[in-house]
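Participant: after the sequence you'll find the predicted model.
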Amino acid sequence: MLEVREVTRLFGQKAAVNRISFEITGPAFVGIIGRSGAGKSTFLRMMNRLTDATAGEILVEGRNILALKGAASRAWQSQCAMIFQQFNLVPRMDVASNVLHGILNRRSTMQTLFSLWSRADILKALEILDRLGIAEQAPKRAEALSGGQQQRVAIARALMQDPKIILADEPIASLDPMNAQIVMDTLKKINVEDGRMVIANLHTLDTARRYCDRVIGMRDGEVVFDGTADELTTSVAREIYGADDSFNEAATSTSIPVDAKAEDPAWSQPAYAAAMVS
Ligand SMILES: Nc1ncnc2c1ncn2[C@@H]1O[C@H](COP(=O)(O)OP(=O)(O)OP(=O)(O)O)[C@@H](O)[C@H]1O
């Protein structure tokens, strides 16, 4: 279904992404891992046309989406929704309106200007919020929600577009482990239940192993690993991150012990040792 062929993105002389190629068939949950600067975000941004590629093709059902222009490019963008680390919600706007904004580009200027949403659209937004377990938050301002709830609103906004592919750029990097798990479980649910492909940039190995059918490791703009979660051994991870023998897996962990207490202050801090992987 998705074929990435020799895709390159140069910034000046530097290749942020350097002739990467891989194929994804079916509605897989794919994780992309690698240290900071490996090219993960640049790849996702090319996928949904936020950034142009310098060379190469990305074929989706045989169509090169990198060549799409104007309305066709915008139509593609609504087929592959993007979720960001910082949620990118409108903070002072209520949750339901934030979700409805997922279909903003399908509406006329007048409809947008007067915030005119059809009853069917409003019901759909509420249904999605209900499915993600946050229906009661619908009238609240987005800024009043916890980070994990805000990210679920962002996922709901993405679902409003009814996308084929969900691209998630470090979706849990700003969350504590409890909320990280809820958000990853939500992404997995829509992958499994809806059959939507999910491609997520992740910076913790345990998350990649736990949720992904397939893991792609990037280093210096190139794909240096492409395999299953089981094949992602410590030595493979060390290669991907370009770390030496002191590489410590625990430092990239977000694991939540079974008996972890939500009120334990240790769990209220993001547990990512970003320094290890960035
Ligand atoms: N707009 C830009 N202009 C110049 N260089 C850029 C730009 N965007 C990215 N780069 C460079 O491209 C390389 C890849 O960056 P990218 O953000 O894709 O990496 P990443 O793996 O997503 O890292 P991180 O996890 O920190 O987001 C880096 O060297 C970065 O500095």
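Facilitator: Cool, the structure landed. Residues are numbered from 1 along each chain as shown.

Participant: any idea of the mean pLDDT in stretch 92-101?
Facilitator: For stretch 92-101, mean pLDDT rounds to 94.

Participant: list the buried residues for that stretch?
Facilitator: 94-101 (16 or more other C-beta atoms under 10 Å). No exception for glycine: its C-beta is placed from N, CA and C like everyone else's.

Participant: ok, now stretch 4-18?
Facilitator: 4-5, 7-9, 15-18.

Participant: with stretch 159-178 instead?
Facilitator: Neighbour-count burial for stretch 159-178 flags 159-161, 163-178 (criterion: 16+ other C-beta under 10 Å).

Participant: stretch 187-200 now?
Facilitator: 187, 190-191, 196-200.

Participant: pLDDT score for the nearest residue to V223 once chain neighbours are set aside?
Facilitator: Residue nearest to V223 in three dimensions, not counting chain neighbours: I20, with 4.9 Å by C-beta to C-beta, 6 or more residues apart in numbering. You'll see I20 listed with a pLDDT of 98.

Participant: same deal with A273?
Facilitator: 31.

Participant: about what we covered before: put together TSV for the buried residues of stretch 4-18, with distance to E231 and secondary structure on each row.
Facilitator: Output for the buried residues of stretch 4-18, formatted as TSV (distance: C-beta to C-beta, whole Å; DSSP: H, G, I helix; E, B strand; the rest coil):
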residue	distance to E231	secondary structure
V4	20	strand
R5	23	strand
V7	23	strand
T8	26	strand
R9	27	strand
A15	26	strand
A16	26	strand
V17	23	strand
N18	23	strand
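
Participant: just list whatever residues bridge to the most centrally placed residue in the chain.
Facilitator: The chain has A168 as the residue nearest its centroid, 0.6 Å off, counting by C-alpha atoms, centre = their mean. With beta bridges defined as DSSP bridges, A168 has these partners: I83, A200.

Participant: my read is that it contacts H203, right?
Facilitator: No. Using C-beta atoms under 8 Å, A168 is not in contact with H203; the gap is 12.0 Å.

Participant: quick one: which helix or strand includes E193?
Facilitator: For E193, the element it lies in under DSSP states H and E is helix 177-194.

Participant: for the ligand, what are the nearby residues on the protein?
Facilitator: 11, 16, 34, 36-42, 278 (C-beta under 6 Å from any ligand atom).

Participant: in ChimeraX, how would I select the buried members of these?
Facilitator: Per 16+ other C-beta under 10 Å, the buried members of these correspond to this ChimeraX selection:
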select :16,34,38,39,40,41,42
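
Participant: for A154, state which of the residues of the chain next to the ligand is nearest.
Facilitator: Nearest to A154 among the residues of the chain next to the ligand: S41, at 16.2 Å, using C-beta to C-beta.

Participant: can you read off the pLDDT for E61?
Facilitator: E61 carries a pLDDT value of 89.

Participant: could you measure from it over to P27?
Facilitator: E61 is 13 Å from P27, where distance means C-beta to C-beta, to the nearest Å.

Participant: more neighbours: which of the two?
Facilitator: The residue with more neighbours, out of E61 and P27, is P27; 17 against 9, by other C-beta atoms under 10 Å.

Participant: what's near enough to touch the more buried one?
Facilitator: P27 makes contact with 191, 194-197, according to C-beta atoms under 8 Å, 6 or more residues apart in numbering.

Participant: where does pLDDT dip in the stretch 101-250 of the chain?
Facilitator: Residue ranges of the stretch 101-250 of the chain with pLDDT under 70: 105-115, 244-247, 250.

Participant: for it, just list every one of the strands.
Facilitator: 165-169, 197-201, 214-219, 222-227 (DSSP state E, counting those that start in this stretch).

Participant: and the first one, what does it pack against?
Facilitator: Counting by 3 or more C-beta pairs under 8 Å, 6 or more residues apart in numbering; DSSP states H and E, the packing neighbours recorded for strand 165-169 are helix 40-47, strand 80-84, helix 177-194, strand 197-201.

Participant: and E249, how many neighbours does it have?
Facilitator: A count of nearby residues for E249, using other C-beta under 10 Å, gives 14.

Participant: so what's it closest to, chain neighbours aside?
Facilitator: Distances taken as C-beta to C-beta, 6+ apart put T234 closest to E249, at 5.6 Å, once the chain neighbours are dropped.
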